[in-house]
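Engineer: Curious how this folds, go ahead:
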Amino acid sequence: MRSETVSTDIAVIGGGLAGVCAAIAAARLGQTVALVQNRPVLGGNSSSEVRVWVCGATAHGTNRYARETGIMGELFVENQFRNPEGNPYFWDLTVLEAVKAEPNIQLFLNTDVHEVEAGGEEHERTIRSVTGWMMGSERRIRFESRMFLDCTGDGLVGFLAGARYRLGREARDEYNESWAPEVADNITLGSTLLFYTKETGQPVKYKPPGFAKDIAKTSIPLKRVIRSGDNGCAYWWIEWGGELDTVHENERIRDELWSVIYGIWDYIKNSGLFPGSETMTLEWVGSLPGKREYRRFIGDYVLNQNDIIAQREFEDRVAFGGWSIDLHPPQGVYSTESGSKHLHADGIYHIPFRSLYSVNVSNLLFAGRNISASHVAFGTTRVMATCAVIGEAAGTGAALAVKKGVAPRTIAAEYMEELQQTMLRQDASIIGLRSTDSADQALRASVSASSTLRRLAVEGDAVPYPLKQDIGLLIPVSPELRQLEFLLDCSSATTLQAELWSTGRAENYVPHRLEVQAEASVVPGERQWITVPLAWKPGNAANAFIVLKANEALTLFLSKDSLTGVLPFEKGKKPKVSDSLEDHDIEQPVVQWRMRELSRKSFCFRAAPDTDAFTADNVIDGYLRPYGGLHTWVSEPLAAGGEAVLELEWPTADPAIVREVHLIFNDDVNEDLINLHHHRTPFEVIPELVKDYRIEAETAPGEWKVLHRETANRKRKRVHRFETPILTAGIRVVVESTNGSPAAEIIAIRVY
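Structural biologist: Residues are numbered from 1 along each chain as shown. Below is the predicted model:
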């Protein structure tokens with residue numbers, strides 16, 4: 001046996017997406033990091049060992065403009081390019097390469113931490129080290145650090161350190177949660193095993209093992225959706241163990257899940273009910289249960305159901321989520337209830353930093369499904385993309401705590417603005433906060449552009465769309481709207497009825513308050529532009545949710561063209577899942593109004609007057625995501641071979657000293673990306689991303705020097721550093737081409 005000691009600033013235990021993002025975030029801020037993972041691959045439940053889709057705030061297209069940015073966003077976009085088919089092994093490589101790209105990270109795979117050295121009183125303990133055994137290498141490794149992050153999911157490190165935690169469901173009256181049980185108990189969400197199938201092109205027999213469950217003798221075929229062509233997470237409902245201890249009875253749970261999987265495959269292959277299954281075989285069956293829930297640590301704040309539904313804007317918010325509160329019956333696959341029930345907020349919700357560190361272990365932070373949240377709130381924070389952005393926040397907080405030599409609690413009390421501004425500089429997933437970085441010289445520059453999109457309209461390449469149900473159209477309003485025109489066919493004289501709703505909170509995209517009602521008479525005829533007098537001046541940049549009421553006599557036109565900031569909706573479209581499998585409240589706005597079949601399309605319309613929604617000043621307004629306004633510069637469509645120019649100018653008496661230029665391009669955070677096989681996105685690179693561009697500096701009035709030229713860009717954030725500082729009164733970005741969008745689109749420019 002070989003014993004060794006590894007000393008770093010920060011030790012991250014657990015290599016799921018929370019741990020990966022925490023380690024990368026801390027390493028990028030200059031801290032040395034040991035990332036310790038007890039499996040041979042990174043990614044946790046998303047890895048090729050378990051193969052769960054990475055779900056997050058988009059909630060599979062339920063929430064608008066909700067895809068994660070920061071490190072998780074980088075992984076999504078990179079995987080989209082490398083792995084559009086959703087190969088789980090290529091996803092492993094995407095995650096692994098992201099870690100290996102950071103020189104400040106030492107990675108320890110196959111290393112199971114099971115010893116913690118901690119001291120102090122129960123109310124204030126400190127971790128000195130953790131020790132793990134590297135399987136296959138006979139290495140006993142002691143990790144000494146100033147800060148420790150428990151990203152293990154099950155919370156083993158914190159438990160061994162004496163951190164306070166909860167297990168099971170709180171009573172309803174503890175946090176006044178309507179979805180909590182009347183009496184507290186030890187019930188958790190269960191674990192799941194998944195499987196893949198393969199089409200062979202020739203008959204394949206299947207003889208089940210002796211332990212396979214005869215599912216025809218259970219309630220499974222009656223209450224669950226079984227199809228021969230499904231695989232992977234379509235069978236997330238193969239869940240069991242919620243009434244057991246999901247850690248100590250992990251082996252029993254795995255065996256039961258195996259018996260169910262092989263029994264389901266027997267049912268598909270040999271019941272005669274699935275004629276398409278004759279030539280199919282099992283390609284892969286998981287052997288590592290994907291756990292949903294175990295310990296949840298106690299922090300200075302316990303996130304609860306009311307925070308989620310109210311979308312509470314915490315002063316110390318450092319991350320966001322948007323998945324529904326998604327709870328499952330304790331009996332899992334054998335329950336006669338639906339497989340899950342969902343409670344949605346009207347949009348994304350916020351997560352406070354105080355929920356990411358221990359209330360009684362001074363140098364312990366946590367990220368992932370073990371954060372400080374009630375069981376009900378955990379029902380949404382547990383999904384992996386949300387765990388990942390929490391990880392980035394915890395890693396950033398740990399790095400700042402090391403830098404300042406203080407505890408995480410002190411960061412929350414005294415350095416919260418610095419933490420948030422650091423995260424914004426890294427393009428992390430925070431909504432509703434703007435950058436005020438005094439070191440950013442772009443904030444004191446004047447901004448101009450060669451062109452700006454002013455006309456808000458979609459007119460071409462359209463197909464008929466009968467107005468059989470209410471439709472919605474979200475459009476940006478800045479500074480005002482006076483009227484809208486819609487392209488219509490009319491079969492008989494009628495009236496087009498329209499409503500304009502405000503969306504309430506700046507991060508929401510659902511009708512909230514009726515502001516204006518209007519109607520217009522329509523005579524029989526084809527392809528008519530009908531004007532509706534919907535006048536609204538909101539005061540600040542905002543979104544208008546336009547509702548056109550169903551009318552059998554009218555046919556709209558649905559264009560295959562889309563426009564940044566404009567989203568079409570259909571009303572009454574339920575989630576694409578069996579009602580017996582998932583229970584959604586159809587009366588909730590985000591469930592009522594759907595756009596899955598309308599993605600990257602628009603109803604043909606014209607708005608008046610011209611808009612200020614896309615002006616060049618947006619790139620220095622400090623916002624990195626849509627929030628009320630779009631906060632994005634959009635040029636007029638580029639002519640063939642043409643360019644678009646965005647320019648920053650400083651007074652000649654007070655020029656800028658330029659060492660770095662940070663660019664954030666629009667990667668359409670409304671687009672729902674996925675790491676595996678939930679759906680296939682029809683492009684490898686987000687079309688709105690700028691493809692070819694150059695950065696130039698003004699060396700003399702009217703004379704420009706190229707500092708950098710980039711080709712084939714496919715990333716949202718780019719940082720360009722220059723060895724020799726440049727003293728200049730002007731910097732400009734010249735967009736030469738995009739990845740498919742007709743216009744140049746830039747969210748932010750920072751200059752240091």
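Engineer: what about the strands in the stretch 451-600 of the chain?
Structural biologist: 457-458, 462-466, 471-477, 483-490, 494-502, 513-522, 525-532, 542-548, 554-559, 567-571, 582-584, 593-594 (DSSP state E, counting those that start in this stretch).
Engineer: Ile298 is nearest to which of these?
Structural biologist: The closest of those to Ile298 is strand 582-584. By Cβ to Cβ, the value is 30.3 Å. Yep, even glycine has a C-beta here, placed from its N, CA and C like the rest.
Engineer: Does anything pack onto the closest one? Which helices or strands?
Structural biologist: For strand 582-584, the elements it packs on are strand 340-343, judged by 3 or more Cβ pairs under 8 Å, 6 or more residues apart in numbering; DSSP states H and E.
Engineer: ok, then the element right after the strand it packs on?
Structural biologist: Per DSSP states H and E, the first helix or strand lying C-terminal to strand 340-343 is strand 349-352.
Engineer: Can you list the buried residues in stretch 530-546?
Structural biologist: Neighbour-count burial for stretch 530-546, counted by 16 or more other Cβ atoms under 10 Å, picks out Ile530, Val532, Leu534, Pro538, Ala541, Ala542, Asn543, Ala544, Phe545, Ile546.
Engineer: The first one is in contact with Ala498, isn't it?
Structural biologist: No: here Ile530 does not reach Ala498: they are 9.7 Å apart, not a contact under Cβ atoms under 8 Å.
Engineer: Domain ranges for the chain, per the record?
Structural biologist: Following the assignment in automatic domain parsing, the chain carries domains at 2-169+296-425, 191-285, 441-452+614-751, 457-608.
Engineer: Show me the one of the ones you listed that comes nearest Trp179.
Structural biologist: That would be domain 2-169+296-425 among the domains of the chain, by Cβ to Cβ, at 4.8 Å.
Engineer: could I get the domains of the chain as JSON lines with distance to Tyr175 and mean pLDDT?
Structural biologist: Listed next are those as JSON lines, based on distance: least, Cβ to Cβ, whole Å; pLDDT from 0 to 100:
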{"stretch": "domain 2-169+296-425", "distance to Tyr175": "4", "mean pLDDT": "97"}
{"stretch": "domain 191-285", "distance to Tyr175": "20", "mean pLDDT": "94"}
{"stretch": "domain 441-452+614-751", "distance to Tyr175": "28", "mean pLDDT": "96"}
{"stretch": "domain 457-608", "distance to Tyr175": "21", "mean pLDDT": "94"}
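Engineer: Just say which of those is most tucked in.
Structural biologist: Between these, domain 2-169+296-425 has the highest mean count of neighbours, a mean of 22, where neighbours are mean count of other Cβ atoms under 10 Å.
Engineer: now the helices: where do they sit in the stretch 301-450 of the chain?
Structural biologist: Assigned by DSSP state H, counting those that start in this stretch, the stretch 301-450 of the chain shows helices spanning 305-310, 375-381, 384-404, 408-414, 416-425.
Engineer: what do you get for the chain?
Structural biologist: 17-28, 70-82, 88-100, 156-161, 172-175, 220-223, 250-270, 305-310, 375-381, 384-404, 408-414, 416-425, 589-592 (DSSP state H).
Engineer: Of all the ones you listed, which one comes closest to Ser48?
Structural biologist: For Ser48, the closest of the helices of the chain is helix 88-100, at 3.9 Å, according to Cβ to Cβ.
Engineer: what does the closest one contact?
Structural biologist: Residues from elsewhere that reach helix 88-100 (Cβ atoms under 8 Å, 6 or more residues apart in numbering): 17, 20, 23-24, 35, 41-43, 46-48, 51, 71, 74-75, 78-79, 82-83, 105, 107, 675-676.
Engineer: Tell me the spacing between Ala373 and Phe297.
Structural biologist: Going from Ala373 to Phe297 by Cβ to Cβ, to the nearest Å gives 9 Å.
Engineer: hang on, the earlier thing: so which of the strands of the stretch 451-600 of the chain comes closest to Asp112?
Structural biologist: That would be strand 582-584 among the strands of the stretch 451-600 of the chain, by Cβ to Cβ, at 35.8 Å.
Engineer: what about the closest one, distance to the chain center?
Structural biologist: From the chain centre to the centre of strand 582-584 is a distance of 21 Å (Cα atoms, centre = their mean, to the nearest Å).
Engineer: contacting residues around it?
Structural biologist: Contact with strand 582-584 is made by Ser324, Ser338, Gly339, Ser340, Lys341, His342, His344, Lys574, Pro575, Val591, as judged by Cβ under 8 Å, 6+ apart.
Engineer: how close does the second one sit to Trp237?
Structural biologist: Applying Cβ to Cβ, the value for Ser338 to Trp237 is 9 Å.
Engineer: show me what contacts Asp585?
Structural biologist: Counted by Cβ under 8 Å, 6+ apart, Asp585 has contacts His342, Leu343, His344, Val591.
Engineer: For those, work out which two are farthest apart.
Structural biologist: Largest pairwise distance in those, by Cβ to Cβ, is 10.2 Å, between Leu343 and Val591.
Engineer: Select, out of the helices of the chain, the one closest to Pro329.
Structural biologist: Closest to Pro329 of those, according to Cβ to Cβ: helix 220-223, at 10.0 Å.
Engineer: From the contact counts, what lies against the closest one?
Structural biologist: Using 3+ Cβ pairs under 8 Å, 6+ apart, helix 220-223 sits against helix 250-270.
Engineer: any residues touching the helix it packs on, and which ones?
Structural biologist: Under Cβ under 8 Å, 6+ apart, the answer for helix 250-270 is 190-193, 195, 205-206, 208-209, 211-216, 220-221, 226, 228, 235, 238, 240-241, 244, 246, 273-274, 277, 280, 282, 285, 287-289, 291, 333.
Engineer: No further questions, thank you.
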